[in-house]
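S.K.: Quick one: sequence and predicted model below, then my questions.
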Amino acid sequence: MQPPVIVKLAVTTGEPSGIGPEVSLAAAVQFLKEQTDLEITLVGCSDLLSASNSVDPKIRERLHIHHVPLIEPVKFGELNPVNAPYVLSTLDFAIDRCLQGQFDAMVTAPLQKSVINLAGTPFTGHTEYLAERCGVKHVVMMLCAELQAGVLGLQTAQQLRVALATTHLPLKEVSAALSCNFLFETIQIIEHDLRSKFGIANPRIRVAGLNPHAGESGYLGREEVDQIIPAIHLARDAGIAVSGPYPGDTMFDVQSLNKTDAFLAMYHDQGLAPFKFVSFGSGVNVTLGLPMIRTSVDHGTALDIAGKGLADHRSMLEALRLAYSLALHHNSLL
């Protein structure tokens with residue numbers, strides 16, 4: 001009888017002065033108690049993860065620390081641009097080892113984009129950095145959450161997945177970014193990864209418009225007519241089950257949840273405002289289109305509560321659970 005295959009997850013612990021290290025450790029310990037065929041490596045300064053020394057020895061056997069030294073000591077809640085290269089080093093380590101097959105997936109704690117830019121490194125976000133490091137031109141940010149029975153009047157639990165056509169762009173730049181070919185590629189990436197990573201045989205995708213009332217046949221804007229609808233037609237011609245465009249204010253219809261595998265919003269807040277309203281901090285960020293599995297929390301660094309023992313690790317725990325599930329599915333295909 002062959003021993004069980006061990007799933008190996010790397011967790012980058014994020015901005016050192018924020019809640020990343022503490023939620024990473026707390027979620028890792030809890031998840032290791034849930035799963036025995038699992039090893040987790042926390043990537044970051046061992047001084048910030050010293051509480052791991054008091055973890056149950058049986059759990060500690062499967063909890064590893066890859067030490068990355070800080071450049072300067074940390075004061076919780078106080079950002080220090082000098083430590084920005086440290087944060088990028090944790091990401092580079094996990095990315096490289098995932099691409100080499102040493103880890104099955106990468107899970108990221110929150111970082112502070114502003115402090116990396118202040119240090120002189122142009123940085124838009126995890127999603128864009130991962131794409132560049134992996135040599136991928138087009139990736140898609142998707143948020144996932146399980147909505148429990150009772151939420152929004154649901155009779156049974158439902159999966160909510162919200163993908164974004166554009167991510168960290170000023171609103172004034174969104175329209176110019178929405179070409180027909182770009183949206184068609186976005187829909188293709190979503191459909192491909194829902195099949196290959198999530199194991200959904202025939203993904204159904206619901207697409208939002210950009211303008212109020214989805215443009216009202218061009219009266220309130222031409223983006224739907226000129227870019228979004230042609231992209232939907234191309235996707236349908238390619239055999240993808242896609243519908244829309246739907247007005248942003250009616251896109252997230254509760255009745256559509258059980259017949260939609262992913263919603264595609266045109267810009268950041270159009271998708272994430274309704275998502276976060278119903279996910280209660282338990283959402284998970286997934287990057288689609290990468291040659292690796294990456295999940296993340298759906299919250300920020302929470303500098304105001306860092307180091308005070310108040311941080312909620314639920315989102316990190318859900319990110320670990322999803323990374324584990326996706327890795328199991330991927331490994332079953334090998």
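M.R.: Looks like it came in fine.
S.K.: hey, let's count contacts and neighbours off CA atoms from now on
M.R.: Will do.
S.K.: Relative to the one helix or strand residue 43 maps to, what are the paired strands and their orientations?
M.R.: If you go by DSSP states H and E, residue 43 is part of strand 38-44. The sheet places strand 38-44 alongside strand 7-12 (parallel), strand 63-67 (parallel), with pairing taken from DSSP bridges.
S.K.: And the very next helix or strand once past it, what does it pack against?
M.R.: The helix or strand immediately downstream of strand 38-44 is helix 57-60, counting by DSSP H and E. If you count contacts as 3 or more CA pairs under 8 Å, 6 or more residues apart in numbering; DSSP states H and E, helix 57-60 packs onto helix 20-34.
S.K.: Go again with 10 Å.
M.R.: In terms of contacts (3 or more CA pairs under 10 Å, 6 or more residues apart in numbering; DSSP states H and E), helix 57-60 is packed against helix 20-34, strand 38-44.
S.K.: Out of these, indicate the one that is most buried.
M.R.: Counting by mean count of other CA atoms under 10 Å, strand 38-44 has the highest mean neighbour count of the helices and strands packed on helix 57-60, with a mean of 23.
S.K.: Could I get the average pLDDT for that strand?
M.R.: The predicted model gives strand 38-44 an average pLDDT of 98.
S.K.: Same question for stretch 134-149.
M.R.: pLDDT averaged over stretch 134-149 gives 94.
S.K.: How far off centre is that stretch?
M.R.: Centroid separation between stretch 134-149 and its chain, computed with CA atoms, centre = their mean, to the nearest Å, is 5 Å.
S.K.: circling back to that earlier point, JSON lines for the helices and strands packed on helix 57-60, including distance to residue 234?
M.R.: Below are the helices and strands packed on helix 57-60 laid out as JSON lines (distance: least, CA to CA, whole Å):
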{"stretch": "helix 20-34", "distance to residue 234": "41"}
{"stretch": "strand 38-44", "distance to residue 234": "41"}
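S.K.: sorry, back to before: among the strands paired with strand 38-44, which is nearest residue 118?
M.R.: strand 7-12 (20.7 Å; CA to CA).
S.K.: what number of residues lie near the nearest residue to residue 38 once chain neighbours are set aside?
M.R.: Closest residue to residue 38 apart from its sequence neighbours, by CA to CA, 6 or more residues apart in numbering: residue 7 at 4.7 Å. Close neighbours of residue 7, defined as other CA atoms under 10 Å, add up to 20.
S.K.: Just to check, residue 7 is in contact with residue 320?
M.R.: No. Counting by CA atoms under 10 Å, residue 7 sits too far from residue 320 to count as a contact (11.2 Å).
S.K.: Mutual contacts of these two, please.
M.R.: When contacts are counted by CA atoms under 10 Å, 6 or more residues apart in numbering, residue 7 and residue 320 have 40, 105 as shared neighbours.
S.K.: low-scoring stretches of the protein, by residue?
M.R.: Flagging of the chain using pLDDT under 70 yields the residue ranges 1-4, 334.
S.K.: hang on, residue 206 is in a strand, isn't it?
M.R.: Yes. Assigned with DSSP: H, G, I helix; E, B strand; the rest coil, residue 206 falls within a strand.
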